[in-house]
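A.B. asks: Make a model of this:
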Amino acid sequence: MPNLLVRGLDEALVQRLRERAAANGRSVEAEHRDILAEALHHPKKLSFAALLMSMPEVGTDADFERINNDDEVEGKRVFD
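C.D. replies: A predicted model of the protein is given here:
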């Protein structure tokens with residue numbers, strides 16, 4: 001299995017990792033593996049606003065023809 005060496009970490013960050021590992025009953029190395037796996041296997045979900053902003057511009061209602069075919073509907077209407 002490959003190894004990963006991370007250099008130049010802030011001591012406060014390493015201390016927080018130690019504390020988190022202790023709180024979860026794991027070694028620092030196991031906690032580090034869990035954090036990496038969680039971050040890479042479960043990408044951050046988009047907020048509703050970000051999702052809306054990612055939608056392409058498709059024009060306005062004026063660009064589309066509205067069809068009102070109430071008189072042409074056959075059978076029972078759904079929302080009566």
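
A.B. asks: Every contact and neighbour count from this point should use C-alpha atoms.
C.D. replies: Noted.

A.B. asks: Residues in contact with the lowest-mean-pLDDT helix or strand in the chain: which ones?
C.D. replies: Sorted by mean pLDDT, DSSP states H and E, the helices and strands of the chain end with helix 48-54, the least confident at a mean of 89. For helix 48-54, there are no surrounding residues in contact (CA atoms under 8 Å, 6 or more residues apart in numbering).

A.B. asks: For Ser47, see how far away Arg18 is.
C.D. replies: Distance, Arg18 to Ser47, by CA to CA, to the nearest Å: 31 Å.

A.B. asks: What does the pLDDT read for Asp61?
C.D. replies: Looking at Asp61, its pLDDT is 68.

A.B. asks: Same question for Phe64.
C.D. replies: pLDDT, Phe64: 69.

A.B. asks: What is the neighbour count of Val65?
C.D. replies: You called it Val, but residue 65 is Glu. Counted with other CA atoms under 10 Å, the neighbours of Glu65 add up to 7.

A.B. asks: so how far is Ala49 from it?
C.D. replies: Remark: distance between Glu65 and Ala49 (CA to CA) = 28 Å.

A.B. asks: now Arg18: how far from Arg33?
C.D. replies: Counting by CA to CA - Arg18 and Arg33 are separated by 13 Å.

A.B. asks: Settle it for me: which of these two has more neighbours?
C.D. replies: Ranked by neighbour count (other CA under 10 Å), Arg18 and Arg33 place Arg18 first, with 18 against 13.
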